[in-house]
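Novice: Structure for the following, please:
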Amino acid sequence: METSAPLDANPGELALAPRPDHVPKDRVIDFDVYQSPPAGMCPQRMWFEMQANAKHPVMWTPRNGGHWIAMTPELTESVLSEWDTFSTKVVMVPREPMGETYSKYLPLPLDPPNHFEFRRILNGNLGAKSIARMTEDVEELTAALIESFRARGRCNFTTEFAEQLPVRIFMRVVDLPEEDLPKLKYLADQFTRPDGSITHPEVERQFSEYIGPVIRARRGKEGTDLITEMMNGKIFDRPITDEEAENMCIQVLIAGLDTVVNLLGFIFSYLATNADLRRKLASDPSLLEDAIPEFLRRFPLVSNAREVAKDTEFGGVKLKARDMIMGSTILVAMSEDSNDDALEFRLERPKRHFYIFGKGIHVCPGAPLARLELKIILREWLARIPEFRLVEGEGLSYLSGIVSAVSPFELEWDV
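Specialist: Now for the predicted structure:
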């Protein structure tokens with residue numbers, strides 16, 4: 001194995017990929033997207049520092065099967081949006097088994113024109129008009145959850161709130177029982193931040209065994225939930241098949257049960273340690289209109305990959321067909337070329353450049369729901385618990401992966 005620096009593999013880690021002939025020696029970097037950041041460092045800062053130290057605009061790591069990493073905002077945007085060169089046929093590293101297992105879940109792995117037909121079904125049920133009708137539900141559930149622990153003066157923010165509200169709202173969108181949440185959340189996490197407790201074929205099998213009977217029971221039935229709408233939708237003027245619907249439902253579940261949960265963790269851990277900002281937002285809720293896009297800019301989460309569709313020159317190197325290349329939304333937002341003082345949270349920022357919900361044809365269809373939830377959650381929480389802090393002596397730790405996260409943490413306040 002040829003590298004520019006020694007690479008120390010952890011026990012049980014995948015073997016390091018040998019450097020292919022078309023990868024120059026000075027393009028090698030030691031980076032594992034699933035390796036947690038150093039103690040006390042958030043994933044956003046980790047990407048910021050890696051980008052600042054990168055020798056070239058495109059680097060290559062031997063971790064996770066070996067893959068390229070776009071290191072500039074412009075090249076990252078190309079990876080995320082130019083589907084004819086960077087295909088979504090495989091969107092996770094390593095390609096085997098994780099990427100190829102996930103590549104069946106629609107519509108993410110599809111390129112145009114097939115992508116549009118499947119995405120159309122999601123857009124109709126997760127668009128702004130449909131989500132606006134859920135405002136009252138989100139408000140009521142948010143208030144009820146906060147009141148369930150407010151008088152106690154303490155809560156585990158992750159388990160008692162962040163892992164409750166967005167996923168319970170999502171379970172209403174798909175009309176699935178809340179008691180199934182622990183099982184589904186565990187399976188979803190094994191794709192975005194696998195912990196080695198279960199194999200990917202087993203994750204796939206359990207997802208399939210759960211959702212298969214649900215979709216078959218809803219075919220031809222009336223209902224306004226997302227799964228029923230998908231089951232009765234048409235693809236290219238034909239009914240969607242059970243297999244297509246199953247794969248589409250699993251993709252929706254994985255996305256819907258993970259991203260907003262983790263975004264809330266970043267936002268509230270930041271507010272707990274930044275009293276001036278917290279008090280400013282609590283005293284003037286109108287500032288949330290500007291604060292929410294700044295939270296979205298400052299705390300991007302997702303680092304997807306693409307499969308190179310054809311031999312191409314990119315960032316000064318030759319990429320070969322079937323190479324994997326990562327395009328991280330974190331890097332776009334954390335680049336000083338995109339945002340001045342990128343690590344700083346700044347209200348009234350003159351410009352914001354970020355793609356927390358993706359770019360191109362694969363922009364997250366759940367973005368309107370996520371924005372609605374953030375607005376209501378911040379408004380309701382700050383009205384009820386304007387002063388809060390991390391429990392004394394507790395530090396924050398972070399998890400990296402396809403979707404980054406804050407490890408569970410507790411908050412406390414005076415009552």
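Novice: hey, which helix or strand in this structure has the poorest pLDDT?
Specialist: In the chain, no helix or strand scores lower on mean pLDDT, DSSP states H and E than helix 100-102, which sits at a mean of 69.
Novice: what's downstream of that one, the next helix or strand?
Specialist: Once helix 100-102 ends, the next helix or strand along the chain (criterion: DSSP states H and E) is helix 114-126.
Novice: Just the CA trace of the next helix or strand after that following helix, in PDB.
Specialist: Following helix 114-126 in sequence order, the next helix or strand is helix 128-132 (DSSP H and E). Written as PDB, here are the backbone C-alpha positions of helix 128-132 (Å, rounded to 0.1, in the frame of the first residue of the first chain):
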ATOM      1  CA  ALA A 128     -45.200  22.800   0.900                       C
ATOM      2  CA  LYS A 129     -49.000  22.800   0.600                       C
ATOM      3  CA  SER A 130     -49.400  19.300   2.000                       C
ATOM      4  CA  ILE A 131     -47.000  20.000   4.800                       C
ATOM      5  CA  ALA A 132     -48.700  23.200   5.800                       C
END
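Novice: Just the buried positions in the helix or strand just after helix 128-132, please.
Specialist: Sequence order places helix 135-150 as the next helix or strand after helix 128-132, per DSSP H and E. Buried residues in helix 135-150, defined by neighbour count with 16 or more other Cβ atoms under 10 Å: 138, 141-143, 145-146, 149-150. Backbone N, C-alpha and C define where each C-beta goes, glycine included.
Novice: quick check, nearest of the residues you listed to R379?
Specialist: R379 has its nearest neighbour among the buried residues of helix 135-150 in T142, at 8.6 Å by Cβ to Cβ.
Novice: ok, the closest residue to the closest one other than its chain neighbours to E139 distance?
Specialist: The spatial neighbour of T142 that comes closest, neighbours along the chain excluded (Cβ to Cβ, 6 or more residues apart in numbering), is E380 at 4.6 Å. Distance, E380 to E139, using Cβ to Cβ, to the nearest Å: 7 Å.
Novice: Also A132?
Specialist: For A132, the distance to E139 (Cβ to Cβ) stands at 12 Å.
Novice: what do you get for P62?
Specialist: In terms of Cβ to Cβ, P62 sits 49 Å off from E139.
Novice: ok, now L226?
Specialist: The span separating L226 from E139 equals 21 Å under the rule Cβ to Cβ.
Novice: tally of neighbours for M230?
Specialist: 25 (other Cβ atoms under 10 Å).
Novice: any idea how far it is from E244?
Specialist: Here M230 is placed at a distance of 9 Å from E244 (Cβ to Cβ).
Novice: just P386 next, same as before
Specialist: Distance of P386 to E244, computed by Cβ to Cβ: 48 Å.
Novice: out of the two, which sits in the busier spot?
Specialist: Neighbours were counted for P386 and for E244 using other Cβ under 10 Å; E244 has more, 18 against 13.
Novice: If we ignore the residues flanking it in sequence, what's nearest the more buried one?
Specialist: Leaving aside its sequence neighbours, E244 sits nearest to L106 (Cβ to Cβ, 6+ apart; 6.2 Å).
Novice: show me the contacts for that neighbour.
Specialist: If you count contacts by Cβ atoms under 8 Å, 6 or more residues apart in numbering, L106 has them with 118, 244, 247-248, 251.
Novice: One more: I198?
Specialist: Counted by Cβ under 8 Å, 6+ apart, I198 has contacts Q190.
Novice: repeat for K183
Specialist: When contacts are taken as Cβ under 8 Å, 6+ apart, K183 is in contact with 206, 210.
Novice: Work out for me the element it sits within.
Specialist: Residue-wise, K183 maps onto helix 181-192 under DSSP H and E.
Novice: tell me the average confidence for that helix?
Specialist: Confidence over helix 181-192, taken as the mean pLDDT, stands at 84.
Novice: and it, how far out from the chain's middle?
Specialist: The gap between where helix 181-192 is centred and where its chain is centred comes out at 13 Å by Cα atoms, centre = their mean, to the nearest Å.
Novice: Then stretch 267-285?
Specialist: Worked out by Cα atoms, centre = their mean, stretch 267-285 lies 23 Å from the chain centre.
Novice: ends of that stretch, how far apart?
Specialist: Criterion Cα to Cα, to the nearest Å; first-to-last residue distance in stretch 267-285 is 16 Å.
Novice: List the buried residues of it.
Specialist: 267-272, 277-278, 281-282.
Novice: One more: stretch 317-336?
Specialist: By neighbour count, with 16+ other Cβ under 10 Å as the criterion, the buried positions of stretch 317-336 are 317, 319, 323-335.
Novice: quick one: low-confidence parts of the stretch 51-200 of the chain?
Specialist: Applying pLDDT under 70 to the stretch 51-200 of the chain picks out residues 101-104, 124-125, 127-128.
Novice: Verify the stated contact: P293 with R352.
Specialist: Yes - the pair P293 and R352 passes the contact test of Cβ atoms under 8 Å, sitting 5.9 Å apart.
Novice: the strands in the protein, which residues?
Specialist: 58-61, 67-70, 86-87, 154-156, 234-235, 238-239, 303-308, 312-314, 317-319, 324-328, 389-390, 398-399, 405-406, 410-412 (DSSP state E).
Novice: Distance to G360 for those strands - can I get that in JSON lines?
Specialist: Putting the strands of the chain into JSON lines (distance: least, Cβ to Cβ, whole Å) gives the following:
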{"stretch": "strand 58-61", "distance to G360": "19"}
{"stretch": "strand 67-70", "distance to G360": "14"}
{"stretch": "strand 86-87", "distance to G360": "10"}
{"stretch": "strand 154-156", "distance to G360": "37"}
{"stretch": "strand 234-235", "distance to G360": "21"}
{"stretch": "strand 238-239", "distance to G360": "27"}
{"stretch": "strand 303-308", "distance to G360": "11"}
{"stretch": "strand 312-314", "distance to G360": "16"}
{"stretch": "strand 317-319", "distance to G360": "18"}
{"stretch": "strand 324-328", "distance to G360": "10"}
{"stretch": "strand 389-390", "distance to G360": "38"}
{"stretch": "strand 398-399", "distance to G360": "27"}
{"stretch": "strand 405-406", "distance to G360": "25"}
{"stretch": "strand 410-412", "distance to G360": "37"}
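Novice: Between the ones you listed, which one is closest to D258.
Specialist: Ranking the strands of the chain by distance to D258, with Cβ to Cβ as the measure, places strand 405-406 first at 8.4 Å.
Novice: which helices and strands sit right next to that closest one?
Specialist: helix 259-272, strand 398-399 (3 or more Cβ pairs under 8 Å, 6 or more residues apart in numbering; DSSP states H and E).
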